[in-house]
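Q: Sharing a model that was predicted from the sequence below.
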2 protein chains.
Amino acid sequence: MTEAPALAVSTVIFTLRPDSSGSMKLALALVRRIRKPFDGLWALPGGPLAMNEDIADAASRNLRETTGLQPRYLEQLYAFGSLDRSPGSNEKDRVVSIVYWALVGSDEAAAAIESENVSWFWADDLEKLAFDHNLIVEYALWRLRNKLEYSRLAHGFLGERFTLAQLREVYEAVLGRELDPGNFRRMVEANGAVVATGERLEGTRHRPPQLYRYDSSIDLTDLGPLKTSNTKQEKKK
Amino acid sequence: MTEAPALAVSTVIFTLRPDSSGSMKLALALVRRIRKPFDGLWALPGGPLAMNEDIADAASRNLRETTGLQPRYLEQLYAFGSLDRSPGSNEKDRVVSIVYWALVGSDEAAAAIESENVSWFWADDLEKLAFDHNLIVEYALWRLRNKLEYSRLAHGFLGERFTLAQLREVYEAVLGRELDPGNFRRMVEANGAVVATGERLEGTRHRPPQLYRYDSSIDLTDLGPLKTSNTKQEKKK
DNA sequence: TGTGCTTAAAGTCATTCTGACTGTAAGATA
DNA sequence: TATCTTACAGTCAGAATGACTTTAAGCACA
C-alpha cells in the first residue's frame, strides 16, 4: 500500500454561557496547541481516528476528553482536505479532517473542565485560530443557524424542562437577534415538537410561566443518513 | 505511525435520461465490481485519494474516468466510515469513504461511455448494490430533492438556454411528481435566478416558448464552506 | 390594601406565500 | 376555418409571517 493522507476527527463544540450582563451567548470549546505548527494558537479539539473506532464515536470521545462532557446532539459537518491546510508543512503531513459539531447543555458546560489549555470562547468574536479552523467554525455556525429546529435546540442546550422564554433566549443567542415573544410562541406551538407539562416555574418576580418539555416522539429532519444515531429519529409527516 | 483506516472518494453521479415513453427520469452511474467483496454487484464509482490530490478533484477525476464527463455541479455529501461497511472483511481493510454527488448534463450523458461494467440506472428502482451504497444513494437523493434550487438544477442538467417547461420537467423528474405550470413559472420568476433571453424556441407544434438562461451573477446557498469551488459563487442580499 | 412593574399568554391585522384554478394568446395541424 | 396544444397572465382562498394590542397573573413596595 502506498502512502496515504492521514485521517483525523475534530469537533466544534457549542454551548450557551451567560455573558457579563447575564444574557446567554453562544460559545465554543477550543484547545491550545502545544506543538508545531501553530504552536500556542487555539484550535478545535480533535485527533486521529483509531482503526477500530466509529467516526462519530471518535468525535464523541474527543469531546469527552477535552470538556468531560457528553454531547446532547452530534452531527457530521464536513470533511476538510485541501492540500494547503497546513501551510509550510511537508506533503507527507497531509491530514484530512472529518469535522463534527456538537451541542452540550449549558448547565453542564458551566461545570466543565477549563484550564490553561482548554477554554470557552464567544462564537461571534474569535481570534485567529490554527489551520483552517476559522473557516470551519464559520461553516459550523452557518449550519447551526440555518438547519436547526426548535426541538433540537431545546434538547441540546436546555434541561429536561424549560419555559418558552428560555427557549426563545436560546434561539436569540444562536441567531444573534431578538425575536417577538408572541410570534415565537405561535411558531413553537404550531410546530408541536415541544409540549406543555402542566407545571409552572415558580419563584419568578412575575406571572409564572408554563414549563414545557421536548416531545421525543416527534422530530428529525436530517441528521445525516445514519439510521441509528445519538438522537432518536422518527419521521413525522 | 500506527495503522490507520484507508481513505477513498466516491461519487453519486446524477443525470436525466428519457425513459421509454420519452419523459425525463433521474438516473445515476454505477460500475460493476470485478473483485471481492461483492464481486459482480454494481457500486458507486470511486477509488483511493491520492496523496497530493484535492478531495473534490478526486471526485471529479473518477467521474471523468468512469463516464468521460465533466460535472456541472459537484458537492460533498457525507463521509461514511462505519466499522461494518464491508462485512466479513478483515479489520485491516477498513475504508472511510468521502462521498460527493454530481450533476451532469443530460445531453452529454447520452453520449457518455457505457459498457459491460459501466451503466446508467434509474434512481427510483435500484437493485441491491455493493457495500452500503444503497444507503448512500438514498441520502444523495434526499439531498438532491431537498436542497436544490431552480438555478442549480437548470445549470446542472440543462444546456445554456432552456424553456421553463424544460426546467419544470427537470424538477418533476427530480421530485417525482407533477407541478402546476403556472405556479412554477411564478416561483421561478420571483426567485430571479434565471432570466429571459428574448429568444424563442421555434419548431414546436404550438405557441413558441421563451428561452431562458441561468443568471450566473445570482445564486448560492450552501455549497459547503469552500469559497472557490467548481461552481461560481456570489452572495446575494 | 392597592398601585405599579414585569412577563405570560391570547388575540388582531395587514402582508406575503402557496396551491388550485380560469382565461386568453399564439402557434401548428387537419 | 375549426381544433389542438402549450405559453402565459391573472384570480381566489387559505396558510404563514411580522408587527402590534390586550388582558392575565404573579411580585414588590408604598
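A: Looks like it came in fine.
Q: Residue A:100 is in what secondary structure piece?
A: strand A:95-103 (DSSP states H and E).
Q: Please spell out which residues along whatever helix or strand comes next after that strand are buried.
A: Going down the chain from strand A:95-103, the next helix or strand is helix A:106-110, by DSSP H and E. For helix A:106-110, a neighbour-count test (16 or more other C-beta atoms under 10 Å in any protein chain shown) marks A:106, A:109 as buried. To be clear about C-beta, it is placed using only N, CA and C from the backbone, and glycine gets the same treatment.
Q: Ok, stretch A:52-70 next?
A: For stretch A:52-70, a neighbour-count test (16+ other C-beta under 10 Å) marks A:53-63, A:66-67, A:69 as buried.
Q: What is the nearest of those residues to chain B?
A: Closest approach between the buried residues of stretch A:52-70 and chain B, by C-beta to the nearest C-beta: residue A:55, at 4.3 Å.
Q: coming back round to it: now the buried residues of stretch A:52-70 in JSON lines, with secondary structure?
A: Below are the buried residues of stretch A:52-70 laid out as JSON lines (DSSP: H, G, I helix; E, B strand; the rest coil):
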{"residue": "A:53", "secondary structure": "coil"}
{"residue": "A:54", "secondary structure": "coil"}
{"residue": "A:55", "secondary structure": "helix"}
{"residue": "A:56", "secondary structure": "helix"}
{"residue": "A:57", "secondary structure": "helix"}
{"residue": "A:58", "secondary structure": "helix"}
{"residue": "A:59", "secondary structure": "helix"}
{"residue": "A:60", "secondary structure": "helix"}
{"residue": "A:61", "secondary structure": "helix"}
{"residue": "A:62", "secondary structure": "helix"}
{"residue": "A:63", "secondary structure": "helix"}
{"residue": "A:66", "secondary structure": "helix"}
{"residue": "A:67", "secondary structure": "helix"}
{"residue": "A:69", "secondary structure": "coil"}
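Q: For the residues you listed, which two are the farthest from each other?
A: The span of those, defined through C-beta to C-beta, is set by A:54 and A:67 at 19.7 Å.
Q: Pull up the residues of chain A that are close to DNA strand D.
A: Residues of chain A lying near DNA strand D by C-beta under 7 Å from any atom of the strand: A:180, A:182-183, A:186-187, A:190, A:204-208.
Q: can we see that at 6 Å?
A: A:180, A:182-183, A:187, A:205-208 (C-beta under 6 Å from any atom of the strand).
Q: Out of these, which sit inside helices?
A: Counting by DSSP state H, the residues of chain A next to DNA strand D place A:182-183, A:187 in helices.
Q: I'd like those laid out as TSV, including distance to residue B:25 and neighbour count.
A: Formatted as TSV, these follow (distance: C-beta to C-beta, whole Å; neighbours: other C-beta atoms under 10 Å in any protein chain shown):
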residue	distance to residue B:25	neighbour count
A:182	47	8
A:183	42	9
A:187	38	14
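Q: export those residues to a markdown table and tack on distance to chain B and pLDDT?
A: Putting these into a markdown table (distance: C-beta to the nearest C-beta, whole Å; pLDDT from 0 to 100) gives the following:
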| residue | distance to chain B | pLDDT |
| --- | --- | --- |
| A:182 | 27 | 97 |
| A:183 | 22 | 97 |
| A:187 | 21 | 95 |
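Q: just these now: which is nearest residue A:174?
A: Residue A:174 has its nearest neighbour among these in residue A:187, at 14.6 Å by C-beta to C-beta.
Q: Nearest residue to the closest one in space, please, no chain neighbours.
A: residue A:150 (7.5 Å; C-beta to C-beta, 6 or more residues apart in numbering or on different chains).
Q: Tell me the residues of chain A that contact chain B?
A: For chain A, the residues in contact with chain B (C-beta under 8 Å from any C-beta of the partner chain) are A:1-7, A:48-49, A:51-55, A:76, A:78-83, A:91-92, A:94, A:96, A:98, A:135-136, A:138-139, A:142, A:224-225.
Q: Show me what from chain A comes close to DNA strand C.
A: So far as C-beta under 6 Å from any atom of the strand goes, chain A lies against DNA strand C at A:163-165, A:181-182, A:206-207, A:209-210.
Q: and with 7 Å instead?
A: Checking chain A against DNA strand C by C-beta under 7 Å from any atom of the strand, the hits are A:163-165, A:181-183, A:185-186, A:200, A:204-210.
Q: By neighbours, which of the residues you listed wins?
A: Comparing those on neighbour count, residue A:164 comes out first with 20 neighbours (neighbours: other C-beta atoms under 10 Å in any protein chain shown).
Q: which residues sit in contact with that one?
A: Counting by C-beta atoms under 8 Å, 6 or more residues apart in numbering or on different chains, residue A:164 makes contact with A:181, A:184-185, A:188, A:209-210, A:212.
Q: Please apply the same query to residue A:93.
A: Applying C-beta under 8 Å, 6+ apart, the residues near residue A:93 are A:6, A:86.
Q: Then residue A:188?
A: Residue A:188 neighbours (C-beta under 8 Å, 6+ apart): A:150, A:164, A:167, A:194.
Q: Who does the last one form a beta bridge with?
A: To tie it back to what came earlier, the one meant is residue A:194. residue A:214 (DSSP bridges).
Q: burial count for it?
A: The burial count for residue A:194: 21, using other C-beta under 10 Å.
Q: Residue A:212 is in contact with that one, correct?
A: Yes. Look at residue A:194 against residue A:212 with C-beta atoms under 8 Å: they come within range, at 4.6 Å.
Q: what's the overlap in contacts for the two?
A: Common neighbours of residue A:194 and residue A:212, counting by C-beta under 8 Å, 6+ apart, are A:154, A:167.
Q: quick one: residue A:48 from residue A:131, how far?
A: As judged by C-beta to C-beta, to the nearest Å, residue A:48 and residue A:131 stand 15 Å apart.
Q: Who has more neighbours out of the two?
A: Of the pair residue A:48 and residue A:131, residue A:131 is the one with more neighbours under other C-beta under 10 Å, namely 21 against 17.
Q: In terms of helices and strands, where is the residue nearest to the more buried one when sequence neighbours are not counted?
A: Leaving aside its sequence neighbours, residue A:131 sits nearest to residue A:85 (C-beta to C-beta, 6+ apart; 5.6 Å). Counting by DSSP H and E, there is no helix or strand that carries residue A:85.
Q: And the pLDDT for residue A:85?
A: Looking at residue A:85, its pLDDT is 89.
Q: OK, contacts around it?
A: A:94-95, A:97, A:131-132.
Q: Strands of chain A, residue ranges please.
A: Counting by DSSP state E, one finds strands in chain A at the ranges A:6-18, A:24-32, A:42-43, A:46-48, A:73-80, A:95-103, A:118-122, A:161-162, A:194-200, A:210-214.
Q: With mean pLDDT added, can I get the ones you listed in a markdown table?
A: Output for those, formatted as a markdown table (pLDDT from 0 to 100):
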| stretch | mean pLDDT |
| --- | --- |
| strand A:6-18 | 96 |
| strand A:24-32 | 96 |
| strand A:42-43 | 98 |
| strand A:46-48 | 96 |
| strand A:73-80 | 95 |
| strand A:95-103 | 97 |
| strand A:118-122 | 97 |
| strand A:161-162 | 95 |
| strand A:194-200 | 93 |
| strand A:210-214 | 94 |
